[in-house]
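Peer 1: next input, structure requested:
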Amino acid sequence: MIIVRYLIRETVKTQLAVLFILFLVFFSQKFIRVLANATAGSIPGNEVLMLVGFYMPSMAMLILPLSLYIGILITFGRLYAGSEIIVMNATGIGNKFLIRAALYLALLTGTVAAFNALWLAPWANNKEINVMASLEVENGLALLVKGQIQSSSDGEAVVYVGDITGNGKDLHNVFIARHVLRGTIRPNVVVAEKGYVSELPDGRQVLDLSTGSRYEGAPTSLDYTITNYENYQVLIGQRKVRLKYRDWNTVPTQQLFNEKSAQAQAELQWRISMVLCIPLMTMIVVPLSSVNQRQGSFAKLFPAVLIYLAYFLAISAAKSAIEEGKLIPDIGLWGINMAAVFVAIMLISWDSLLLRKFKCRFRRPS
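Peer 2: Numbers count the residues shown, from 1 in each chain. Prediction:
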């Protein structure tokens, strides 16, 4: 119908504008955080945009429902304030056409949100963790630059490497001086003709040196030791070992269905709720958008946003409660979604033709 297409077209324009603004806000926040890490040297500059890109699907899980919610609220509110919907109702076109147009938009947005929440976002989160894990390894090895005297990550030693070959892992003419007394470890100097970088299973990054000498103690004291060695290991860094699927938000949705743990069920219900909230919030916002000319098109914006925030805070709290074992998964987020269904039905029914006739019967004559 022409009216429905008109409502959809006007709402899509507003939704895209809101989506663009929300995208800029969330993108800027993430970009600033990643850029700060890059400035500190923990992330290479050429990896900034890739890491921000991996964050986009998680961001879309939040802004897609909100953009449609605000888009419908503003568009329908403007049509109410401009008396366009009043004219439609006067010609016999009821609110069902508003609901139909809104549900068409909810179906379209929900399809995109389902693909994003159930597949794309977990994939992107897993990629981001893998990239960060590899960067942590590279950052530990990036301390070694040939021809430069550098400080170790703990600040207790200086390192010099004459040359680096073999994709950055084979070292030549290595010099390490530890000048800080710690426990039973005295100041010492280690030199080696060659060595290579390796990482132990527990995340420790070590230098495996060969053919060199170790000088321990103060040269002016009697307790001074010179040790020649064939093989020697020096710890240069420590990174946290990341297990596969360390975070539940990286686990594929299909695998979550087979997991019985509370954390897995909380994550699964969260992803499904990110899709269900679109038609639920759409049904709630349609009656909330009703305003009169004196109120203006933004009259219901504040209470509508409060309802939206209350819903999302409730499902966030329920998700945390499930993860902590304070709420059984069988109730979980489903109870909140059922409450949202009840609120939507009540709001839509409040302005229905049947209820208006019922209220007119009990209205006192003036």
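Peer 1: helix, strand or coil: sort out the closest residue to residue 299 other than its chain neighbours for me.
Peer 2: Closest residue to residue 299 apart from its sequence neighbours, by C-beta to C-beta, 6 or more residues apart in numbering: residue 291 at 4.5 Å. To be clear about C-beta, it is placed using only N, CA and C from the backbone, and glycine gets the same treatment. Three-state assignment for residue 291 (DSSP: H, G, I helix; E, B strand; the rest coil): coil.
Peer 1: list the contacts of residue 291.
Peer 2: 77, 80-81, 297, 299-300 (C-beta atoms under 8 Å, 6 or more residues apart in numbering).
Peer 1: switch to 10 Å and redo it
Peer 2: Going by C-beta atoms under 10 Å, 6 or more residues apart in numbering, residue 291 touches 73, 76-81, 85, 297-301.
Peer 1: I'd say residue 78 and residue 289 touch.
Peer 2: Yes: applying C-beta atoms under 10 Å, one finds residue 78 in contact with residue 289, separated by 9.0 Å.
Peer 1: what's the longest helix in this structure?
Peer 2: helix 2-40 (DSSP state H).
Peer 1: check the offset of that one from the chain's centre.
Peer 2: Taking C-alpha atoms, centre = their mean, to the nearest Å, the mean C-alpha location of helix 2-40 is offset from the chain mean by 15 Å.
Peer 1: what residues of it count as buried?
Peer 2: Neighbour-count burial for helix 2-40, counted by 16 or more other C-beta atoms under 10 Å, picks out 3, 7-8, 10-12, 14-15, 18-19, 22, 26-27, 30, 34, 38.
Peer 1: what of stretch 171-178?
Peer 2: By neighbour count on 16+ other C-beta under 10 Å, the buried set for stretch 171-178 is 171, 173-174, 176-178.
Peer 1: show me where the stretch 51-200 of the chain has its helices.
Peer 2: In the stretch 51-200 of the chain, the helices defined using DSSP state H, counting those that start in this stretch lie at 84-90, 96-115, 121-141.
Peer 1: count of residues packed around residue 275?
Peer 2: 22 (other C-beta atoms under 10 Å).
Peer 1: is it true that it touches residue 107?
Peer 2: No: Residue 275 is beyond contact range of residue 107, at 11.2 Å (criterion: C-beta under 10 Å).
Peer 1: buried residues, stretch 157-172. List them.
Peer 2: Within stretch 157-172, the residues scored as buried using 16+ other C-beta under 10 Å are 157, 159-161, 164, 171.
Peer 1: more neighbours, residue 78 and residue 289?
Peer 2: A count of neighbours by other C-beta under 10 Å puts residue 289 above the other of residue 78 and residue 289, at 24 against 18.
Peer 1: how about the more buried one, phi and psi?
Peer 2: phi -80, psi -10 (degrees, to the nearest 10).
Peer 1: for the closest residue to it other than its chain neighbours, what are its contacts?
Peer 2: Closest residue in space to residue 289, ignoring its immediate chain neighbours: residue 76 at 3.6 Å, by C-beta to C-beta, 6+ apart. Residues in contact with residue 76 (C-beta under 10 Å, 6+ apart) are 7, 10-11, 14, 84-85, 95, 98, 101-102, 285-291, 297, 300.
Peer 1: below-threshold pLDDT in the stretch 251-366 of the chain: ranges please.
Peer 2: 296-297, 351-366 (pLDDT under 70).
Peer 1: repeat that with 50
Peer 2: For the stretch 251-366 of the chain, the stretches flagged by pLDDT under 50 are 366.
Peer 1: which parts of it are helices?
Peer 2: Going by DSSP H, counting those that start in this stretch, the stretch 251-366 of the chain shows helices at 253-258, 262-288, 301-323, 334-350, 353-362.
Peer 1: got these as JSON lines, with distance to residue 229 columns?
Peer 2: JSON lines is the format used below for the helices of the stretch 251-366 of the chain (distance: least, C-beta to C-beta, whole Å):
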{"stretch": "helix 253-258", "distance to residue 229": "48"}
{"stretch": "helix 262-288", "distance to residue 229": "48"}
{"stretch": "helix 301-323", "distance to residue 229": "50"}
{"stretch": "helix 334-350", "distance to residue 229": "65"}
{"stretch": "helix 353-362", "distance to residue 229": "89"}
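Peer 1: of all the ones you listed, which lies closest to residue 223?
Peer 2: Minimum separation from residue 223 across those (C-beta to C-beta) falls at helix 262-288, 54.6 Å.
Peer 1: and the closest one, what's buried?
Peer 2: Buried-residue list, helix 262-288, by 16+ other C-beta under 10 Å: 262-288.
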